[in-house]
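**Q** the sequence and its predicted three-dimensional model are supplied below.
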Amino acid sequence: MSRNPAVKFINKWSRKLHRWGAIAFAIPAVIVLSTGILLQFKKDVAWIQPPTAKGAMSGDAAGGMTISFDDILAAAASVPEAEVSSWDEIDRLDVRPDKGIVKVRCKNSWEVQVDTATGEVVQVAYRRSDLIEQIHDGSWFHDLAKLWIFLPNGVALLCLWLTGMYLWILPIWAKRAGRKRRAEA
């Protein structure tokens, strides 16, 4: 009894797509997988992302910010590693009212945590999570790499998963069909 030509065609092309897709997208896949694993630990490993400190008015006693933006800039500028002299060197502010902290993320990847009540610098650390995220999504390489390498890589990984699942379940279907034929005979 010959196999269905459509099944033969699907089997042949699933194996080819799976084999060549794995080879073509191995490097971007390793980059995405390894950086993704690192990002899973960003809240647990201080080397990746500095933990959020607590300010003087953290928790239930948090009464809001009592310092001004000028105080935040002055606090960040007081840290030599941050290399801040104006707002141009600051990427963003991350305000955590429940912790009583403002995280000043500098463009050079240093993070200065400032107490929202006293204006004191509570913590200074190098922040690697943003760089790891940029490598993870491909934007660190170039915006075109993000769209023309990493996006197709994601689609290819989905196709690899689908064809892999098909190839995994194919023997199960064949065994069931064989049992059914033997039972009917």
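**A** Everything's here; your move.

**Q** go through the protein and flag its longest helix.
**A** helix 151-184 (DSSP state H).

**Q** mind giving me the packing neighbours of that helix?
**A** Contacts defined by 3 or more CB pairs under 8 Å, 6 or more residues apart in numbering; DSSP states H and E place helix 151-184 against helix 5-24, helix 26-40. The way it works is simple: take the backbone N, C-alpha and C, and place the C-beta from them, glycine included.

**Q** gap between the longest one and the chain center?
**A** In this view, helix 5-24 has its centroid 30 Å away from the chain centroid, taken as CA atoms, centre = their mean, to the nearest Å.

**Q** quick one: residues in contact with that helix.
**A** With CB atoms under 8 Å, 6 or more residues apart in numbering as the test, helix 5-24 has contacts from A156, C159, L160, T163, G164, Y166, L167, L170.

**Q** hang on, the earlier thing: so of the helices and strands packed on helix 151-184, which one's packed in deepest?
**A** helix 26-40 (a mean of 14; mean count of other CB atoms under 10 Å).

**Q** between helix 151-184 and that helix, find me the angle.
**A** For helix 26-40 against helix 151-184, the angle by axes from the mean of the first three to the mean of the last three CA atoms, to 10 degrees is 100 degrees.

**Q** please put the alpha-carbon coordinates of the helix-or-strand element of the chain with minimal mean pLDDT into CSV.
**A** Averaged element by element with mean pLDDT, DSSP states H and E, the chain has its least confident helix or strand at helix 5-24 (a mean of 83). Taking Å, rounded to 0.1, in the frame of the first residue of the first chain, the C-alpha atoms of helix 5-24 are listed here in CSV:
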residue,chain,number,x,y,z
PRO,A,5,1.7,11.8,-2.1
ALA,A,6,0.7,14.8,0.0
VAL,A,7,2.1,13.2,3.1
LYS,A,8,5.3,12.3,1.3
PHE,A,9,5.6,15.9,0.1
ILE,A,10,5.0,17.3,3.6
ASN,A,11,7.5,14.9,5.2
LYS,A,12,10.2,15.7,2.7
TRP,A,13,9.8,19.5,3.0
SER,A,14,9.4,19.5,6.7
ARG,A,15,12.7,17.7,7.1
LYS,A,16,14.4,20.1,4.6
LEU,A,17,13.0,23.2,6.3
HIS,A,18,13.9,21.9,9.7
ARG,A,19,17.5,21.0,8.7
TRP,A,20,18.3,24.1,6.7
GLY,A,21,16.4,26.5,8.9
ALA,A,22,18.4,25.3,11.9
ILE,A,23,21.6,25.9,10.1
ALA,A,24,20.6,29.3,8.7
